[in-house]
Structure formats: C-alpha cells, structure tokens
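Novice: show me the folded form of this:
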Amino acid sequence: MQSLVRAVYPAQCASCGEIVDGDGGLCGACWRETRFVLGHVCDTCGTPLPGEEDGGTDQCDDCMHIARPWRRGRTALTYDGIGRRLVLGLKYADRLDIARPAARWMARAIEPITTPGMVIVPIPSHWTRMFRRRYNQAAEIARALGRETGMAVLPNALIRARGGETQGGKNFDARFANLVGVIQPHPKKGADLAGKDVLIVDDVMASGATLGAATEATYVAGARVVCIATLARVAKDT
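Specialist: Coordinates of the predicted model:
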C-alpha cells in the first residue's frame, strides 16, 4: 500500500516541493542551504555557539541573563532562511508533512538530554485558535517525535486557559507578561505528569516566554525534570 501511495503521491522536498527519494525531507539544494544546529550549542536552549564543543555545559548570552525554569534544551534548525520557511509552512500553510522530517532532525538533536521514561508534551493551543487553524503544529511535531523516538506523548496534559493576543510583534517584557497564568495543567490529565521527566515541544523559540510558562505549569503538575525541544531557534549570528 505504501508503495502505491508513493507512486501516486511521490515524496516532495519539505521546503521547495521538488520530488525527492525516500519518505520526504529536503532536496539536495535545500539541504545545503539549511542551517542545522550541530556541534557547540547552548545547553539550555540549543542555540549554536562559536568555538568547538569541549564536553562542557555552556550557555548563550540570553540564557545566562534570563532565568530559565527548564533544565536543558535543544533545537534542530536556526530560524532563518529555509528553517523559517519550514516553521511558517507548518504553522500557517497546512504543511503537516513537514512534521515527519522535523521529528527526525529533532530526534538527533535531543539525544543528549533525553532520559529513560521521559514523556513528550506539546505547547497547547487555545480552542479558538484550533477552530481557526484546525490543528496545533506543536502537537503534530510532538506526535511525530514520539513515533520517531518511541517516547510516550501526552498531547493534552497542558491547556491554554485563555486565547489572548499572539506573541508576534511584542517586545521582550510584553511577551512574558502576555503569558502570565495562561498555560496550566489540564484539570484531569495534568496528573499524568507527576513524577515524570518531561520534554516540552514547540515549533520555534524566540524569547522563551511560552516555553517558560509551559515549564512552570508542568512543574505545578508535579513533573520531576523538564527539558525543552524546538524545531527552530531564533538565534544571533555566531
């Protein structure tokens, strides 16, 4: 059946739409232009750092000056060029096919921070946004990452208590203020987080306000350790 499906609908490059071999991903040209995050990275958010990896746990400037409630973090891509195109395609253009290759790239990135029994929890969307978009891109990535890694996914462990304004266009302080009390443990399903190591998943990290709010809600639910993973990270030039 899969062979028949691929014959009728051949795999396309997640970025440009060019036909590719296998089960999707990037064509050669787009692969060469994509900034994958490899080597020396911030242990807290995953942003690339200059210099060679030395086995230490270094931090970027942002994570040295902003209190991050989570323990460790990783990302697969920088949020520019093709990385930005992939995030926006998944978020706004119904490109759910991007979730599968995204999960493969993220699975490699998170290897140093996963623990046995760790569960995956996506950043939640408010029901009004779900009504408009029909899906939550973070949950789509989380499910694909669960299939790729074998980790359990708890898609409804957190809820967004109110819709509110989007983070786009807000300055640093406004982003954090906009999320105070917005993300909470699910009244019933949040109890599934108690005593667990949790990996919170989102499509992109900018200030870290959304991931911070979700982390705090996860600790309120009784999680033991919280780490974060994103498809892309807004990063300064290195």
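Novice: what's the distance between the closest residue to residue 101 other than its chain neighbours and residue 85?
Specialist: Among residues not flanking residue 101 along the chain, residue 25 sits closest, at 4.4 Å (CB to CB, 6 or more residues apart in numbering). Quick note: C-beta positions are derived from backbone N, CA and C, even for glycine. Distance of residue 25 to residue 85, given as CB to CB, to the nearest Å: 14 Å.
Novice: same check, this time on residue 100
Specialist: The value you get for residue 100 to residue 85, if CB to CB is used, is 16 Å.
Novice: now swap in residue 42 and tell me
Specialist: 23 Å.
Novice: what of residue 228?
Specialist: 22 Å.
Novice: between the two, which has more neighbouring residues?
Specialist: residue 228 (30 against 18; other CB atoms under 10 Å).
Novice: hang on, the more buried one in a helix?
Specialist: No: assessed with DSSP: H, G, I helix; E, B strand; the rest coil, residue 228 is strand; it does not lie in a helix.
Novice: surely it touches residue 211?
Specialist: Yes: between residue 228 and residue 211 a contact is recorded at 5.0 Å, counting by CB atoms under 8 Å.
Novice: quick one on the thing from earlier: surely the residue nearest to residue 101 and residue 14 touch.
Specialist: Yes: with contacts counted by CB under 8 Å, residue 25 reaches residue 14, the gap being 6.3 Å.
Novice: so what sits against both of these two?
Specialist: Shared contacts of residue 25 and residue 14, defined by CB atoms under 8 Å, 6 or more residues apart in numbering, comprise residue 101.
Novice: of those two, which one has the most company?
Specialist: Shown here are residue 25 and residue 14; by other CB under 10 Å, residue 14 has more neighbours (26 against 20).
Novice: so for that one, what's the pLDDT?
Specialist: On the pLDDT scale, residue 14 is placed at 91.
Novice: contacting residues around it?
Specialist: Applying CB under 8 Å, 6+ apart, the residues near residue 14 are 24-26, 30, 86, 89, 95, 97-98, 101-102.
Novice: report the separation between it and residue 199.
Specialist: On the measure of CB to CB, residue 14 and residue 199 end up 22 Å apart.
Novice: before we move on, back to that, what is in contact with residue 228 and residue 211 at once?
Specialist: 70, 73, 200, 202, 205.
Novice: find the nearest non-adjacent residue to the second one, please.
Specialist: The one in question is residue 73. Nearest non-adjacent residue to residue 73, counting by CB to CB, 6+ apart: residue 228, 4.1 Å away.
Novice: can you name the residues bridging to that neighbour?
Specialist: residue 73, residue 200 (DSSP bridges).
Novice: each with direction, which strands does whatever helix or strand residue 159 lives in pair with?
Specialist: Taking DSSP states H and E as the criterion, residue 159 maps to strand 158-160. Strand 158-160 pairs in its sheet with strand 183-185 (antiparallel), by DSSP bridges.
Novice: any idea how the chain splits into domains?
Specialist: With domains defined by automatic domain parsing, the chain comprises 1-33, 36-233.
Novice: which of these has the lowest average pLDDT?
Specialist: With a mean of 76, domain 1-33 has the lowest mean pLDDT of the domains of the chain.
Novice: show me where this structure has strands.
Specialist: Applying DSSP state E to the chain gives strands spanning 73-78, 119-122, 152-153, 158-160, 183-185, 197-205, 225-233.
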